[in-house]
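Undergrad: predicted model and sequence follow; I will ask about them next.
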Amino acid sequence: MTTTHADLSQSRNGLPLAATLGALGVVYGDIGTSPLYALKEAAKAAAHGGPLAPDAVLGVASLILWALITIISIKYAMLIMRADNRGEGGIVALLALLSARNARPGTWRAHLLLVGLIGAALLYGDGAITPAISVLSAVEGLKVDAPSLAPIVVPLTVVILIGLFIMQKKGTGFIGGIFGPVMLAWFLVIGLLGLYGIAHAPGVLVALSPLYAVDFLLHQDFHVSFAILGAAFLAVTGGEAMYADMGHFGRMPIRLAWFAIALPALVLNYFGQAGLLISDPTAIDNPFYQLAPNWIHYPLVAFATLATVIASQAIISGAFSLTQQSIQLGFLPRMQIRHTASHEIGQIYVPLVNWLLAAATLGAVLGFGTSDALAGAYGIAVSLLMAITTLLAALVAIQWGYPPIVVLAVNGFFLIIDCIFFAANATKLFEGGWFPLLLAGAVAFLMLTWRSGVRLVEAARGRLRQPEEELIETAVSKCKARLPGAAVFLASSPHGVPLALTQFVKHNHALHERVLIVTVQIEEAPRIPDTERVELIEIVPGITRIILHFGFMQYPTISEGLSLACDQGKLPDINLDDISYYIGRETIIPTEKVAGMAVWRETVFAFLQRNAERSAAFFGVPTKQVVEFGTELEI
């Protein structure tokens with residue numbers, strides 16, 4: 001997910017080593033804490049209730065190694081990260097590259113938008129499960145030395161997670177500063193623990209050969225092989241953050257952090273755990289903690305908890321960032337977004353998302369109770385997201401002129417792997433896999449309903465909106481009286497007359513000396529430079545249309561856009577402190593008389609629209625200068 005801890009300019013233009021360190025904390029927090037539970041679950045699936053054979057351990061270790069190499073190292077690090085939108089990655093960037101956002105209904109690009117929105121919704125399902133399983137698996141380390149502490153594991157996990165979600169409103173800058181160093185220390189520790197385990201069972205290194213993984217899977221029953229694949233997939237969850245966070249750190253620092261630090265440490269730890277299980281199969285209950293000497297268990301529990309809190313923080317901030325992008329592009333209703341740090345790009349807090357995510361995460365902890373049970377819910381959303389990413393990246397590659405045969409062969413190979421892992425995780429549907437899919441389905445439904453509703457509202461506005469010719473005639477011949485000063489009328493479309501202006505003229509029979517019709521347009525690019533931000537179109541003397549262009553990673557503040565226009569000399573003699581902002585506030589009336597969605601979906605849309613953040617607040621319009629006009633629209 002796209003996270004928000006790094007200052008973009010510093011990450012891109014600063015020292016590569018600093019960006020690499022930052023990437024360790026933000027990008028690899030999730031996948032870096034997977035050793036707490038991944039090999040344990042895969043080994044239990046391989047044992048399928050019986051004794052754990054050494055061949056099974058070697059097969060599992062080999063499978064995890066080659067999953068990391070194939071999916072993360074080759075597919076994401078080497079291939080998918082090439083599909084960037086001016087440096088940005090993730091589902092939203094892919095949709096922008098494919099121009100799916102404004103596709104006509106019924107076209108293949110419109111269907112891609114549907115697929116992409118489902119992919120974005122899956123990230124919310126993943127975001128609810130990741131903090132739950134990560135923190136819970138870390139705290140479960142208390143049971144290794146003191147089984148009597150088992151009853152406090154869930155309450156302690158809940159307390160930690162509640163504290164994490166409460167902390168969001170204060171901003172995460174003070175935590176963000178320690179992300180990189182803490183995760184660097186984490187990778188060093190798990191790597192050393194892995195070396196300790198390998199030293200006691202060096203024979204485990206034969207699992208470096210992929211033949212052990214293939215041979216082991218082929219000689220298992222079909223349902224056992226699928227269970228092992230589903231469990232082994234836990235080792236690569238979090239890898240999609242490499243692509244989503246590319247815009248914050250850059251391609252090379254993310255790759256360097258993976259190949260130089262994260263991958264070697266993960267492989268050492270997984271092989272160390274495998275070596276332990278070969279020499280002591282009874283350690284299967286928690287091989288990660290039992291790999292460490294007894295004297296370090298409690299400090300390791302505390303350290304693992306800190307690492308999982310960091311991983312969870314990255315996921316939560318990623319959900320905030322994804323929400324902001326989705327709102328900008330018209331996929332979600334406007335919500336209150338607070339900027340928690342003026343000196344860092346993207347330091348935001350979205351209260352509604354925070355507490356909905358908290359409810360889902362705490363519900364997962366209380367409902368499932370153990371990391372073993374949560375493992376059944378984990379993986380299905382991520383595996384489907386990875387398949388969607390592979391598909392969209394293939395279409396981008398073809399659009400960029402790569403030979404279709406080559407793209408089909410390469411991406412088709414990875415898509416088959418993604419689909420195999422998804423099928424393996426789908427077997428866990430009734431063991432908990434339904435939970436993230438239910439969350440993702442609810443978010444996807446709201447996204448699609450909002451998207452369709454916005455189109456219906458714009459069509460309703462279009463039926464009421466005056467053409468510019470009528471405005472010119474009104475200004476020239478009908479409005480003899482001109483009010484002193486300037487007025488801004490917000491318009492949703494760069495064409496025609498905003499309904500608020502029509503209402504104003506109808507009731508007052510007058511216009512201001514200067515009328516500015518302002519439209520905010522969110523472009524497919526992540527960022528628009530200041531030099532291209534403001535576009536002015538003179539309709540008639542005294543009436544100017546202003547189009548403010550923002551990227552989907554930028555916050556659209558109208559007052560700042562107009563201030564920029566003044567600084568650039570495009571709006572001379574305008575005092576922004578004396579301007580009145582006229583904004584339309586619409587009441588949506590669902591009806592069967594107008595073709596559109598089913599009335600019950602239109603009712604859902606009307607509810608969302610009624611509770612959305614007010615336009616004035618969302619676009620940063622000074623509160624004391626706002627005048628609202630109410631309009632009823634039937635859809």
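TA: Yes, it's here. Here the structure is a predicted model, which means the values were calculated and not measured.
Undergrad: can you list the strands that the lengthiest strand in the chain pairs with?
TA: Ranked by number of residues, the top strand in the chain under DSSP state E is strand 511-522. Strand pairing for strand 511-522, determined by DSSP bridges: strand 482-490 (parallel), strand 543-550 (parallel).
Undergrad: mind exporting the C-alpha coordinates of the last one to PDB?
TA: What it means is strand 543-550. Backbone C-alpha positions of strand 543-550 (Å, rounded to 0.1, in the frame of the first residue of the first chain) are rendered in PDB as follows:
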ATOM      1  CA  ILE A 543     -16.300  36.500 -16.000                       C
ATOM      2  CA  THR A 544     -13.400  34.100 -16.000                       C
ATOM      3  CA  ARG A 545     -13.300  30.300 -15.800                       C
ATOM      4  CA  ILE A 546     -10.400  28.900 -13.800                       C
ATOM      5  CA  ILE A 547      -9.500  25.300 -13.900                       C
ATOM      6  CA  LEU A 548      -7.200  24.100 -11.100                       C
ATOM      7  CA  HIS A 549      -5.300  21.000 -12.000                       C
ATOM      8  CA  PHE A 550      -4.100  18.600  -9.300                       C
END
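Undergrad: quick one: end-to-end distance for stretch 237-254.
TA: End-to-end distance for stretch 237-254, by C-alpha to C-alpha, to the nearest Å: 16 Å.
Undergrad: average pLDDT for that stretch, rounded please.
TA: The average pLDDT for stretch 237-254 rounds to 84.
Undergrad: just stretch 162-180 next, same as before
TA: Mean predicted lDDT for stretch 162-180 stands at 76.
Undergrad: can you give me the helices in the stretch 351-500 of the chain?
TA: Using DSSP state H, counting those that start in this stretch, the helices of the stretch 351-500 of the chain run over residues 351-368, 371-375, 380-399, 404-426, 434-464, 468-473, 499-508.
Undergrad: if we can go back for a sec, right, so of the strands paired with strand 511-522, which gets closest to Leu439?
TA: Closest of the strands paired with strand 511-522 to Leu439 is strand 543-550, at 29.3 Å (criterion: C-beta to C-beta). (Each C-beta comes from the backbone N, C-alpha and C, glycine too.)
Undergrad: what residues sit buried inside the closest one?
TA: 543-550 (16 or more other C-beta atoms under 10 Å).
Undergrad: do the same with stretch 424-443
TA: Here stretch 424-443 shows 424-428, 432-433, 435-437, 439-440, 443 as buried, counting by 16+ other C-beta under 10 Å.
Undergrad: export these to CSV and append columns for distance to Pro494 and pLDDT.
TA: Putting these into CSV (distance: C-beta to C-beta, whole Å; pLDDT from 0 to 100) gives the following:
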residue, distance to Pro494, pLDDT
Ala424, 49, 90
Asn425, 45, 89
Ala426, 45, 88
Thr427, 50, 86
Lys428, 48, 85
Gly432, 48, 85
Gly433, 45, 87
Phe435, 43, 90
Pro436, 39, 89
Leu437, 39, 90
Leu439, 36, 91
Ala440, 34, 91
Val443, 30, 92
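Undergrad: nearest to Gly363 among these?
TA: Phe435 (8.5 Å).
Undergrad: report the contact partners of the closest one.
TA: Neighbouring residues of Phe435 by C-beta atoms under 8 Å, 6 or more residues apart in numbering: 125, 128-129, 364, 367, 377.
Undergrad: what of Thr587?
TA: 610, 630-633.
Undergrad: give me the buried subset of these.
TA: Buried by 16+ other C-beta under 10 Å: 631, 633, out of those.
Undergrad: what's the farthest-apart pair in the contacts of Thr587?
TA: Arg610 and Thr631 (13.7 Å).
Undergrad: show me the shaky parts of this structure.
TA: Scanning the chain for pLDDT under 70 picks out 1-15, 171-177, 340-347, 475-476, 478, 480.
Undergrad: mind checking the strands paired with strand 511-522 for the one nearest to Ala274?
TA: strand 543-550 (50.3 Å).
Undergrad: buried residues, the helix or strand following that closest one. List them.
TA: Later in the chain than strand 543-550, the nearest helix or strand by DSSP states H and E is helix 558-567. Residues of helix 558-567 classed as buried: 558-559, 561-562, 564-565 (neighbour count, 16+ other C-beta under 10 Å).
Undergrad: what does stretch 564-582 give?
TA: Buried, per 16+ other C-beta under 10 Å, within stretch 564-582: 564-565, 571, 574, 579, 581-582.
Undergrad: out of those, which one sits closest to Gln466?
TA: Tyr582 (14.8 Å).
Undergrad: how many residues are close by the spatially closest residue to Ser279 that is not a sequence neighbour?
TA: Nearest non-adjacent residue to Ser279, counting by C-beta to C-beta, 6 or more residues apart in numbering: Ala201, 5.0 Å away. Neighbours of Ala201 under the rule other C-beta atoms under 10 Å: 19.
Undergrad: quick one on the thing from earlier: closest to Pro105 out of the strands paired with strand 511-522?
TA: strand 543-550 (25.0 Å).
Undergrad: which residues outside stretch 392-400 are in contact with it?
TA: Residues contacting stretch 392-400 (C-beta under 8 Å, 6+ apart): 79-80, 82-83, 91, 94-95, 97-98, 112, 115-116, 119, 404, 407-408, 411-412, 415.
Undergrad: in it, what counts as buried?
TA: Under 16+ other C-beta under 10 Å, the buried positions of stretch 392-400 are 392-397.
Undergrad: roughly how far is that stretch from the heart of the chain?
TA: Distance of stretch 392-400 from the chain centroid (C-alpha atoms, centre = their mean, to the nearest Å) equals 21 Å.
Undergrad: nearest to Ala232, of the buried residues of strand 543-550?
TA: Nearest to Ala232 among the buried residues of strand 543-550: Phe550, at 42.6 Å, using C-beta to C-beta.
Undergrad: so what's that closest one bridging to?
TA: With DSSP bridges as the criterion, Phe550 is bridged to Ile522.
Undergrad: quick one, what contacts it?
TA: 328, 520-523, 528, 533, 556, 561.
Undergrad: and these, which are buried?
TA: Among these, the ones that count as buried by 16+ other C-beta under 10 Å are 328, 520, 522-523, 528, 533, 556, 561.
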